[in-house]
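# show me the folded form of this:
(2 chains)
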Number of protein chains: 2
Amino acid sequence: MIKIIVDCFGGDRCPEAPIEGALAALAKTPDLHVILSGDKNVIGKHLEGREYDASRLEIMHAPEVIGCDEKPTDVVRLKRNSSMMKGIIELRDNDDVAALVSVGSTGALVTGALVRLGRIPGVIRPAFCPILPCMDGSVVGICDSGANVEVTSAHLRQFAIMASLYMENVYGVQKPRVALLNVGKEAEKGDEMRREAYSLLGETECVNFVGNMESRDLLSGSYDVVVADGFSGNVLVKTTEGTAIELLKKLKKDIYSRFVYKMGALLMKRMFMEEKEFMNYQNYGGSVLLGTSKVVVKGHGSSNATAVEKCIEQAYRMQISGLSSKIETEISKYDHYED
Amino acid sequence: MIKIIVDCFGGDRCPEAPIEGALAALAKTPDLHVILSGDKNVIGKHLEGREYDASRLEIMHAPEVIGCDEKPTDVVRLKRNSSMMKGIIELRDNDDVAALVSVGSTGALVTGALVRLGRIPGVIRPAFCPILPCMDGSVVGICDSGANVEVTSAHLRQFAIMASLYMENVYGVQKPRVALLNVGKEAEKGDEMRREAYSLLGETECVNFVGNMESRDLLSGSYDVVVADGFSGNVLVKTTEGTAIELLKKLKKDIYSRFVYKMGALLMKRMFMEEKEFMNYQNYGGSVLLGTSKVVVKGHGSSNATAVEKCIEQAYRMQISGLSSKIETEISKYDHYED
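Residues are numbered from 1 along each chain as shown, chains lettered A, B, ... in the order given. Now for the predicted structure:
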């Protein structure tokens, strides 16, 4: 039985989305056990009259609420009875529990996970790895995308190792093609740190390094993993999402501007709906935190039930694939210095 | 008369696109004089039989060709008779010449401009400022986007001043709203350098600083200038372009997948063509280099004649607006340290 904690009080649609997502995952996966973290009265009310396997669902009472403007460090220190922090502490202390899924504050989750959970032995810095859909139907993982705004080439090498293993073990990608985000393809592009990373990655046997990637080519399907510092990785991911959203909004607005366009769009309705689903980043699961001692998956704040369900699936697959111990084994083969 | 040199031997469609772009600009702007830089025989052949005001067009013979793989520093040192380098040297030495437009190698152009032209007094680092179209019909300038991969907060402040003046004087934007590219909106986001820049920008009177911008919001129309280090600014611009291109490609492919979609698309043909034009970054001119002692505009390597024409227009407007001396005046009001 794989036990996963679902933080029910974070994100724009809480607690409905986390609870419904958990119930959906529970129905699909026979050896999944979920622990719903949050106010037991509110959760209990939502579960009333619903059918589910009660032997595989429990509620962990965590009545404190995290405010929007609270500093991550304050949350970690002061809000130990919030659904997120209690979840993290339970994850740390209970050997039976495998993972935590949350759609709450990213800052609080990262800080809490780093401070309370600790890292896989050898990992210098855990990093976020969200997934984006490529135009050829494949997906690409971007690591890091926000957990570390300042990094060294040694960090980047570890991100490459962890994200490679993740894509291989959770998405079934054979020998993932790993690229370094840079301002040009040539080896000498970028700053000193990037040039160092370029050689380090080339020397790392378990990484199938294919060179620098220009951000223009992210969705081309030519790469399975893109390694970046958290700052530019964050820009890469959010710009892609933002551009796709703005373009679809514009298309919609323009369609409504003339009758003949509306007629045309009617014929293409199914295509546009498929396009929208394809571009809907919620369908691709959350951003996993790679390198923490236990599995943590962060869903988008606006996640609906399906998105939360995907995050739970991701956490489940990370756990059954034994990703953490594989990361530990590979990382141990390379020199690293502690932070 | 405003004299502008057009480098005719760079880019994917040379020399046709630069020459045709120059002729189009010449026909539209009565007080424009163009100097076509490149092999006089090839240029002469292209001009044969064409009608234009010969008193406002001259050819500067520069027979050397720059290879694709040549290092920028080698080009600057060794290829003084190439169309680009001769153009830069002529721009420096001839007081009558106002600007250079090139669609050739970015690296060679930046290096050449920095080494040979020098900077506006007070400017620490010249920076690129391309323009992207926002979904509400406005445009946004991103500075820097690749000339400086490593920067300080003092550099970022200068980028903000220069890009503000550029948007105001060349695009007529009143009190341009300036944002700092960051991983979140809150003042404390990002690294130390970003936090320093946040306070510096807030204290800079001639800059209408509106705070941090998340890359997701670039095309929202809420900002007129985005200030960034050259690395993440480059990621921001190229990811936007790449995502738009990939999405349009996917739409096109999907339309051809079913007959009924093709019918629908037929009704929407005009809309799709307008969409494509809207998204065509060539329509928005080149990436200007702000802070060099004379005006330099870099067009996209794939520029067609219209794109080159837009670049020439941009250079013309930069010159007649007296942008350089306005930059010098504003920059002089703030402490700065030389690089």
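# now A:Phe272: how far from A:Glu192?
Taking C-beta to C-beta, to the nearest Å as the measure, A:Phe272 falls 47 Å from A:Glu192. The C-beta positions use only the backbone N, C-alpha and C, and glycine is treated the same way.
# so between the two, which is more surrounded?
Taking other C-beta atoms under 10 Å in any protein chain shown, A:Phe272 and A:Glu192 do not tie; A:Phe272 has more neighbours (19 against 10).
# so what's the residue nearest to the spatial centre of chain A up against?
The centre of chain A sits closest to A:Ser287, judged by C-alpha atoms, centre = their mean, with a distance of 0.8 Å. Applying C-beta atoms under 8 Å, 6 or more residues apart in numbering or on different chains to A:Ser287 gives the contacts A:128-131, A:145, A:297-299.
# same list, these, but as JSON lines with neighbour count, distance to A:Arg92 and secondary structure please.
Formatted as JSON lines, the contacts of A:Ser287 follow (neighbours: other C-beta atoms under 10 Å in any protein chain shown; distance: C-beta to C-beta, whole Å; DSSP: H, G, I helix; E, B strand; the rest coil):
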{"residue": "A:Phe128", "neighbour count": "29", "distance to A:Arg92": "20", "secondary structure": "strand"}
{"residue": "A:Cys129", "neighbour count": "27", "distance to A:Arg92": "21", "secondary structure": "strand"}
{"residue": "A:Pro130", "neighbour count": "26", "distance to A:Arg92": "24", "secondary structure": "coil"}
{"residue": "A:Ile131", "neighbour count": "22", "distance to A:Arg92": "26", "secondary structure": "strand"}
{"residue": "A:Ser145", "neighbour count": "27", "distance to A:Arg92": "24", "secondary structure": "coil"}
{"residue": "A:Val297", "neighbour count": "26", "distance to A:Arg92": "16", "secondary structure": "strand"}
{"residue": "A:Lys298", "neighbour count": "27", "distance to A:Arg92": "17", "secondary structure": "strand"}
{"residue": "A:Gly299", "neighbour count": "29", "distance to A:Arg92": "21", "secondary structure": "coil"}
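# if we can go back for a sec, quickly list what the residue nearest to the centre of chain A is bridged to.
Note on A:Ser287: beta-bridge partners A:Lys298, judged by DSSP bridges.
# go on, A:Glu64?
Assigned bridge partners for A:Glu64, using DSSP bridges, are A:Ser82.
# what residues are up against it?
A:79-83, A:85.
# for A:Lys86, see how far away it is.
8 Å.
# and for A:Lys249?
38 Å.
# and the two? which has more neighbours close in?
Neighbour tally, A:Lys249 and A:Lys86, criterion other C-beta under 10 Å: the higher count belongs to A:Lys86, 21 against 13.
# and the more buried one, how far is that from B:Thr329?
59 Å.
# which one of the contacts of A:Ser287 is nearest to chain B?
Checking those against chain B by C-beta to the nearest C-beta gives A:Ser145 as the nearest, at 9.2 Å.
# need the contact list for that closest one.
By C-beta under 8 Å, 6+ apart, the contact set of A:Ser145 is A:127-130, A:228, A:230, A:233-234, A:236-237, A:287.
# now do A:Thr106
A:146, A:298.
# turn the contacts of A:Ser287 into JSON lines, including pLDDT.
Output for the contacts of A:Ser287, formatted as JSON lines (pLDDT from 0 to 100):
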{"residue": "A:Phe128", "pLDDT": "96"}
{"residue": "A:Cys129", "pLDDT": "97"}
{"residue": "A:Pro130", "pLDDT": "95"}
{"residue": "A:Ile131", "pLDDT": "94"}
{"residue": "A:Ser145", "pLDDT": "95"}
{"residue": "A:Val297", "pLDDT": "97"}
{"residue": "A:Lys298", "pLDDT": "96"}
{"residue": "A:Gly299", "pLDDT": "94"}
